[in-house]
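J.: sequence and predicted model, in that order:
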There are 6 protein chains.
Amino acid sequence: MRPSKRQPDEMRAVSFERGISKHAEGSCLVRFGDTQVLCTASLEEKVPTWLRNSGKGWVTAEYGMLPRATGERMRREASSGRQGGRTLEIQRLIGRSLRAVIDLKALGEVQITVDCDVLQADGGTRTAAITGGFVALHDCLAWMQARHMIAIERVLKDHVAAISCGIYEGTPVLDLDYAEDSAAETDANFVMTGSGGIVEIQGTAEGAPFSEEQFNALLALARRGISRLVELQKMAVA
Amino acid sequence: MRPSKRQPDEMRAVSFERGISKHAEGSCLVRFGDTQVLCTASLEEKVPTWLRNSGKGWVTAEYGMLPRATGERMRREASSGRQGGRTLEIQRLIGRSLRAVIDLKALGEVQITVDCDVLQADGGTRTAAITGGFVALHDCLAWMQARHMIAIERVLKDHVAAISCGIYEGTPVLDLDYAEDSAAETDANFVMTGSGGIVEIQGTAEGAPFSEEQFNALLALARRGISRLVELQKMAVA
Amino acid sequence: MRPSKRQPDEMRAVSFERGISKHAEGSCLVRFGDTQVLCTASLEEKVPTWLRNSGKGWVTAEYGMLPRATGERMRREASSGRQGGRTLEIQRLIGRSLRAVIDLKALGEVQITVDCDVLQADGGTRTAAITGGFVALHDCLAWMQARHMIAIERVLKDHVAAISCGIYEGTPVLDLDYAEDSAAETDANFVMTGSGGIVEIQGTAEGAPFSEEQFNALLALARRGISRLVELQKMAVA
Amino acid sequence: MRPSKRQPDEMRAVSFERGISKHAEGSCLVRFGDTQVLCTASLEEKVPTWLRNSGKGWVTAEYGMLPRATGERMRREASSGRQGGRTLEIQRLIGRSLRAVIDLKALGEVQITVDCDVLQADGGTRTAAITGGFVALHDCLAWMQARHMIAIERVLKDHVAAISCGIYEGTPVLDLDYAEDSAAETDANFVMTGSGGIVEIQGTAEGAPFSEEQFNALLALARRGISRLVELQKMAVA
Amino acid sequence: MRPSKRQPDEMRAVSFERGISKHAEGSCLVRFGDTQVLCTASLEEKVPTWLRNSGKGWVTAEYGMLPRATGERMRREASSGRQGGRTLEIQRLIGRSLRAVIDLKALGEVQITVDCDVLQADGGTRTAAITGGFVALHDCLAWMQARHMIAIERVLKDHVAAISCGIYEGTPVLDLDYAEDSAAETDANFVMTGSGGIVEIQGTAEGAPFSEEQFNALLALARRGISRLVELQKMAVA
Amino acid sequence: MRPSKRQPDEMRAVSFERGISKHAEGSCLVRFGDTQVLCTASLEEKVPTWLRNSGKGWVTAEYGMLPRATGERMRREASSGRQGGRTLEIQRLIGRSLRAVIDLKALGEVQITVDCDVLQADGGTRTAAITGGFVALHDCLAWMQARHMIAIERVLKDHVAAISCGIYEGTPVLDLDYAEDSAAETDANFVMTGSGGIVEIQGTAEGAPFSEEQFNALLALARRGISRLVELQKMAVA
């Protein structure tokens, strides 16, 4: 029995609230149960130095948590003077995942920064950030298309979404919340496209090593979950 | 005529959404028109070094803005490696303002940190942070009282709220939004208690210096505004 | 009775020692009693990025304290790796105050940096820095005029000076020294021009909130003090 | 045909040079072809704060590259003032991987820090660091056993080693060097124990997403490679 | 002919102004011609960690320059976020030099920090700092003796002073000012005690290497100069 | 008797291993007994800002130690966020020493960075770095000559090498190892050219001040040692 009473293959309630920011070209408040991430996509004319005059654009991401997004207050990274390793690792993952479905050439020489700020954390913040960040990015591209800057169907090649899975008390389960995540023996994050291609896999044994069979069970759960997330994304941006 | 079409002494719609955080002992999403600040109050057992074994507690505040809370995306302070002067100035102001209505001796040797994170900015973020931070702080104290840690009426001496005023095209006006703030000749922030005492005054001539008469007009506007804000706080925490 | 034995409306001895630096275009060692601030004004050809090719110049200020300017040695900010919130707040105030009397267009596309370094602190360092910084700035402009770079009467619109006031044991008093400042119930800093316009007001209740009447008494004291400071500035630069 | 002329399932020459440091309790210079990583294991009496008085020890890792370990000189992280995201990500991975085979309770309240410094880079530095770091860690534990501080067979539960795989011009290949890595469509790192359990999987699509079949081919290659690496480790520490 | 018109073995006018700080236990404004360094000696009860409970004290130094102490304004180190290599090198030298004449055991478990802040620079700031720092340190020790904390003759073993020499247009000269220093082929700093022992020698070829004969000529000049500086110190503290 | 059993004028075994880096234009692993420093010389097209369009090049050095190069593990400077004073002091010394034998005009507008990373420390790391850094720099210049970028005999004016000396139990000795260095009363580093010119002298009294006679004895030892080092350099690069 999961602490959340959910079935092994049951995700939490997922919702996307679009257009939540007055200023950003695209924005989305994504909820996976009690996990809430505010995603904004900001369009800027500049690109990183190594892309100047290349005709190609860039999509990047930044990740942060409000100090009391968590059960115990964490020190504000702006105050400690550096972003921690976990933060840098997650924002690199979000950026890679979103770029996997973008044609940077077709985007043209602009940069889109997707900021993912966790308002409340209850497990799965990085996968929620990818899934919701996609919606914010989509809406930023729609904003650009409305201004005849791009043709969205040439820039955006597919959907991308992400989910965590884990082995909890010996059973492979989908979409871990914090209570499950803390106790899981194995923890894995999957990023896949709408057409089922795999973009990123990260699996970690928290306690004992895991077997290939266990891993395949997690992958199967993830495939089902991501397929459902992509459906929800499609309804949200329709 | 104000850009916002408001009367000179008309505030924006103000609302307090309490209990918005699953984790924090007190929390409040405060809105002044399009300005939105998420305030959480976190109780910790530790106090700053200089208060150890003094029997007195501490209330402090931190302030931040999400990178795209503003019209143009700003660099994330965690990434630039330091909090800017404006941020430090504002969080010191919030902390002083909230401490003005707290009996630190009656609080006992604990620390409450009020985090004020601007989700969306449209002028007046610091005054919204003080006004909403009070509600989060109140609810944290109520949480403590419910656990028999304090007697709230001994710790919390009064209400405290804040508002900005300015001289816009020669006319003193109340509660500047961003469009008005950018064009105001003089800009002032007032912090007052429920009983009308003044806690902080900050007035700045953006262009030409201002006169004592002008300043008194701003003070009169602020008094009216803060009196209304305290009423709204009382309804909110009732 | 004030610890300093002064009358409520009596300032400390104030002096300006000009031309104290061999290198700076303008310089002044200002003393308010035992408070000593070394002010230098440095002319540079560059301007901040946002003013390039605007034809407008910039005046900015930096503030620092020698580690043993105070009763107890403080950690050197260069060694701790960041300027504290108090430092940043003060140098922003000095910069704004000096810019209030400068026509940046008439100055032309150059930058003047006024460095205010406290050699010895005994209360009122920020107001001494503004008052003495004005003299250094004046002399830098005179240096420029002597080289036919500007017409000083078009650049420098007025005098500017600053003073602190406070309520000490219930009585409004002028120009607090450290002993008075530490014990004052209310502490306020005023910046005004030679013609009596108000540039900046900052009032803070250290203990109980203050009333409008008390604040007006402080403002009246400040007006008298600043009027005297401007006279002294005029004699100094004559 | 691979740039290295190797067969798809052929690893580079791997060697372990033990006892290379005069000072460290355990040390190993590991080579995977032209990739060279100097690993030292340092025993310290202290543990991280959260483990104090727990009776449990800790194993952690740090990773660095000499500035000219790479084709173009990179800026020294000590000089830029922060470790980059890639560095932090890798050293967290090394630490987790090594801890997977350690019984921290049996280790007792000490800390072992495994420093992995890349002297020369030609692809696969993180997997070489894990594989060689294991040997340094083993030798540190042997050093402790020789001093009757631990029983090594109770602390060290298994071997652990790591290898990279990738899809190069459509073919799954084992142990990418830099030339192959730069051109690979998919890049994956695997960490496994001597008994074949999986500790960590990280797969990333550099270009197009990859399929489950492709991923399984990489996993099969990795299993064979790691099995060979563990044999080499056993010969090295015999 | 030296730019300063001085004879090769002629020092600049040197003066010590003692007791210049209201707060510091010892203080001295030292002038070598136009070079002015404000030295304060601060007594603190704490010692560095490695000396705790050793019964021994510590003497350390910090060095800084006001931004406009030099011909062109330099960036404030507190603002750039780190002390430069030159600053760190100089303050380590000052600390070592002063400790050379202190019996740390007789001092007892306290720390004296000698802050040397350059108000105006015209060459030779580090040697002026050592020479003036000695006077501040002496006065701090006298302050302690007056309070029966130490016996100064047991703590202070000798005088210490420093001077720069250089080869200017082929001629060895004493006490370089900035104009001479910039053009000197060789630049050397000497630190010696009152009894003629050498504490520190630093010689650097700025252009062509120098010979042993040249170096000996500089050493002879330095010996004479330091002997004179010690006389002046003795008169100052008499 | 020296702890190392060496005669007072006996150096440790010194060796140069060239071409040790696959990537660097010049490289050398230098050993002075157990002290090992990996030196790489990297050619870059850019020069520091102040040399742009001057036609002159630059040679600079950076220095680092692996965390466990020493008897006790030291904190990694990249992790602490700043290079320490000792590091900055040493790398400035290495850079000055190498530039002393380079004609920057003949080098042309390029920069060579010599990285000296201590793999194992047993005293004398800075002098080993200079001596080995010369070999790496030589080989980088030879690499450039082979590509017709320079004429090496016009760029490289002489050899340069360095050695430490000290007074150990009253006897002047050559080439201190760590055990001798820790106990030496006086410690000096000498940098000289192949033709016997002096480039840098640094002498420090660790305990009692030293005399001119003692210093001359150290200088004589150094001269002999450096002469031998230059012979070894010549054999190495022949």
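T.: Alright, I've got the coordinates. Everything numeric here is computed off the predicted structure, so don't read it as measured data.
J.: and the gap between whatever residue of chain A ends up closest to chain E and chain C?
T.: Closest approach of chain A to chain E (CB to the nearest CB) occurs at A:Gly81, with a separation of 9.2 Å. Every C-beta, even on glycine, is put in place using the N, C-alpha and C of the backbone. Computed as CB to the nearest CB, to the nearest Å, the A:Gly81 to chain C distance reads 7 Å.
J.: pretty sure that residue sits against B:Glu77.
T.: No: the pair formed by A:Gly81 and B:Glu77 falls short of the contact definition of CB atoms under 8 Å, at 9.6 Å.
J.: skipping adjacent residues, who's closest to the residue of chain A closest to chain E in space?
T.: Distances taken as CB to CB, 6 or more residues apart in numbering or on different chains put B:Gly81 closest to A:Gly81, at 5.3 Å, once the chain neighbours are dropped.
J.: same check on A:Ala208?
T.: In space, A:Ala208 comes closest to A:Glu185 once its chain neighbours are excluded; the distance is 6.3 Å by CB to CB, 6+ apart.
J.: off-centre distance for stretch A:48-66?
T.: Using CA atoms, centre = their mean, to the nearest Å, the distance from the centre of stretch A:48-66 to the centre of the chain it belongs to is 17 Å.
J.: meant to ask about stretch A:23-38
T.: The chain centre lies 11 Å from the centre of stretch A:23-38; the measure is CA atoms, centre = their mean.
J.: how close does A:Tyr178 sit to chain B?
T.: Distance, A:Tyr178 to chain B, using CB to the nearest CB: 10 Å.
J.: also A:Ser21?
T.: 6 Å.
J.: so what's that residue closest to, chain neighbours aside?
T.: Closest residue in space to A:Ser21, ignoring its immediate chain neighbours: A:Ser27 at 3.7 Å, by CB to CB, 6+ apart.
J.: which neighbours in the sheet does the helix or strand where the one you found lies have, and how are they oriented?
T.: Assigning secondary structure by DSSP states H and E places A:Ser27 in strand A:26-32. For strand A:26-32, the paired strands and their directions (DSSP bridges) read strand A:14-18 (antiparallel), strand A:35-44 (antiparallel).
J.: pull up the per-residue confidence for A:Thr35.
T.: According to the predicted model, the pLDDT of A:Thr35 comes to 98.
J.: let me see the contact set for it.
T.: Contacts for A:Thr35 were tallied using CB atoms under 8 Å, 6 or more residues apart in numbering or on different chains; they are A:12, A:118, A:120-125, A:128, A:177.
J.: just A:His23 next, same as before
T.: A:40, B:68-71, B:120.
J.: dump those into JSON lines; add neighbour count as well.
T.: Output for those, formatted as JSON lines (neighbours: other CB atoms under 10 Å in any protein chain shown):
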{"residue": "A:Thr40", "neighbour count": "30"}
{"residue": "B:Arg68", "neighbour count": "29"}
{"residue": "B:Ala69", "neighbour count": "27"}
{"residue": "B:Thr70", "neighbour count": "18"}
{"residue": "B:Gly71", "neighbour count": "12"}
{"residue": "B:Gln120", "neighbour count": "25"}
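J.: dump those to TSV, plus pLDDT and secondary structure.
T.: TSV is the format used below for the contacts of A:His23 (pLDDT from 0 to 100; DSSP: H, G, I helix; E, B strand; the rest coil):
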residue	pLDDT	secondary structure
A:Thr40	98	strand
B:Arg68	98	coil
B:Ala69	98	coil
B:Thr70	97	coil
B:Gly71	96	coil
B:Gln120	98	strand
